[in-house]
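Asks: can't give you the sequence, but here's the structure:
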């Protein structure tokens, strides 16, 4: 029986591998971010550039990397389905999960891009497979495997650190479910993180020597700082330079903030904010950042970090508001081409005398020429419903966990997966911006949320 199940799951993974290779991709191979990985820029973490280097060294071409990424994705799917099968012995559910997963062309197309998303998704799937095994068996080694996969995921994409929020939730859930708390769970969670981050640092130094590690955080701070308005009072040793540069930012970018306030449509507003923030990060006063930093006598990164930080600290309400808009935007896939909204959006856009940076920002949804999309009729309401329902599951689970209510295994797993997906998106919304790619990476975890919710509801029905 077990061999039969293993073959069935292997067949599902093999079909997934072949289908992903065959179906047309919605993604190009090379993206603007790809060069940072291929050339191992100093602001990138080590694991993905090293992954690319290993296979390029073995003689593969860039065009063949997607095959390797798809292979890893299929292996991760195999182990995930194998873990699920130990809790759920229904073959049709495993087939449904796999079908819906590979039916998401945006998700599987990420395997065809030189970006961290593919390996990050695969590692997350392996982590969740280990988590299912831990709660199913109680064996500590699965907690260590879970933490190892998370540690590797962080070394691929630093935003994976958002998953640290799961650690106390897992420990609390396990102590409640097993009616016991073991300190070796804590060590199993922490030790692999230390090991993986030590390894990542060693690999980084082997490429870059003792050069100071660069980061995207200064640009992120600068972009977020530019998105808030206020009567700013600066302090510190270079307050005059900060004040002068801040005034220039307000003269140039203040019109953006005024325009955003005037947008009367919730979804059009939250889809515009990330585009403006990315523009501020990447292009706003790129040359003047160096000029004012030199004037202040500090490095550019220190200067723009301080500028963004002081502006945000003086306007925390605006910072929170922008973060919430980013979070809402994470669930608004293709909303600006959603037919019921389209005519009103286009008419309002065309009535505006001036839209800041509309020509400069390619993806700003303010062109007034959007066409209705049939895909959006499914994608937007579908994803929104998924977000609302999974969010409700997470809240119910967290409430029951805090109040020490007894919960069956499917509900515990459904709740943890919900908090994982929403936690990552909330983290990204406040620490960076909302992008469809970030939401897409959470699709396998959201699917698990509903799979285990279904199992819980099914068991409840059978008991009645």
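Replies: Perfect, thanks for sending it. Note that the structure is predicted; figures quoted are calculated from it, not measured.
Asks: for the helix or strand containing residue 247, packing partners?
Replies: Residue 247 is part of helix 239-262, with elements assigned from DSSP states H and E. Packing partners of helix 239-262 (3 or more CB pairs under 8 Å, 6 or more residues apart in numbering; DSSP states H and E): helix 217-226, helix 266-282, helix 286-296, helix 300-314. Glycine gets a C-beta too; all of them are placed from N, C-alpha and C.
Asks: go again using 6 Å as the cut-off
Replies: Secondary-structure packing of helix 239-262 (3 or more CB pairs under 6 Å, 6 or more residues apart in numbering; DSSP states H and E): helix 286-296.
Asks: circling back: now do the helix holding residue 247, average pLDDT.
Replies: Mean pLDDT, helix 239-262: 95.
Asks: which residues does it contact?
Replies: 226, 229, 232, 234, 276, 292, 295, 296, 307, 356 (CB atoms under 6 Å, 6 or more residues apart in numbering).
Asks: could you check the pLDDT of the first one?
Replies: This means residue 226. Model confidence at residue 226, given as pLDDT, is 96.
Asks: excluding its backbone neighbours, what's nearest it?
Replies: Once flanking residues are discounted, residue 226 sits nearest to residue 280: 4.0 Å by CB to CB, 6 or more residues apart in numbering.
Asks: where does that neighbour land on pLDDT?
Replies: pLDDT, read off for residue 280, is 96.
Asks: not counting its neighbours along the chain, what's nearest residue 264?
Replies: Leaving aside its chain neighbours, residue 264 sits nearest to residue 348 (7.0 Å; criterion: CB to CB, 6+ apart).
Asks: tell me the spacing between the one you found and residue 22.
Replies: Remark: distance between residue 348 and residue 22 (CB to CB, to the nearest Å) = 42 Å.
Asks: which element is residue 155 on?
Replies: Take DSSP H and E as the rule and residue 155 turns out to sit in helix 140-156.
Asks: ok, back up a step: buried stuff in the helix holding residue 247?
Replies: Neighbour-count burial for helix 239-262 flags 241, 242, 245, 246, 249, 250, 252, 253, 256, 257, 259, 260 (criterion: 16 or more other CB atoms under 10 Å).
Asks: and of those residues, the nearest to residue 191?
Replies: Using CB to CB, residue 242 comes nearest to residue 191 of these, at 42.1 Å.
Asks: any idea how far that closest one lies from residue 372?
Replies: Residue 242 sits 47 Å away from residue 372, going by CB to CB.
Asks: same question, residue 458
Replies: Applying CB to CB, the value for residue 458 to residue 372 is 38 Å.
Asks: what residue ranges in the stretch 51-200 of the chain score low on pLDDT?
Replies: Within the stretch 51-200 of the chain, no stretch has pLDDT under 70.
Asks: ok, which stretches of it are helices?
Replies: Listed in chain order, the helices of the stretch 51-200 of the chain (DSSP state H, counting those that start in this stretch) span 65-85, 91-103, 105-109, 117-137, 140-156, 166-177, 183-208.
Asks: how about TSV for the ones you listed, with mean neighbour count and distance to residue 405 added?
Replies: Below are these laid out as TSV (neighbours: other CB atoms under 10 Å; distance: least, CB to CB, whole Å):
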stretch	mean neighbour count	distance to residue 405
helix 65-85	21	24
helix 91-103	16	26
helix 105-109	20	34
helix 117-137	23	16
helix 140-156	23	23
helix 166-177	17	9
helix 183-208	15	21
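Asks: quick revisit: when residue 348 and residue 22 are compared, which one has more neighbours?
Replies: Set side by side, residue 348 and residue 22 show more neighbours around residue 348, with 16 against 7, by other CB atoms under 10 Å.
Asks: and the more buried one, what's its pLDDT?
Replies: At residue 348, pLDDT is 96.
Asks: got the angle for the helix or strand where it lies vs helix 239-262?
Replies: Element membership for residue 348 (DSSP H and E) is helix 339-350. For helix 339-350 against helix 239-262, the angle by axes from the mean of the first three to the mean of the last three CA atoms, to 10 degrees is 120 degrees.
Asks: show me what helix 339-350 is packed up against.
Replies: Judged by 3+ CB pairs under 6 Å, 6+ apart, helix 339-350 is in contact with no other helix or strand.
Asks: show me what contacts the spatially closest residue to residue 27 that is not a sequence neighbour?
Replies: In space, and not counting its chain neighbours, residue 27 is closest to residue 109: 4.1 Å by CB to CB, 6+ apart. Going by CB under 6 Å, 6+ apart, residue 109 touches 25, 26, 27.
Asks: tell me how far residue 109 lies from residue 370.
Replies: Residue 109 is 22 Å from residue 370, by CB to CB.
Asks: returning to what we had before: centre of the chain to the helix holding residue 247, how far?
Replies: 29 Å (CA atoms, centre = their mean, to the nearest Å).
Asks: and the angle from that helix to helix 286-296?
Replies: Put simply, helix 239-262 runs at 150 degrees to helix 286-296, going by the same axes, to 10 degrees.
Asks: close enough to count as contact, residue 216 and residue 41?
Replies: No: with contacts counted by CB atoms under 6 Å, residue 216 stays clear of residue 41, the gap being 9.9 Å.
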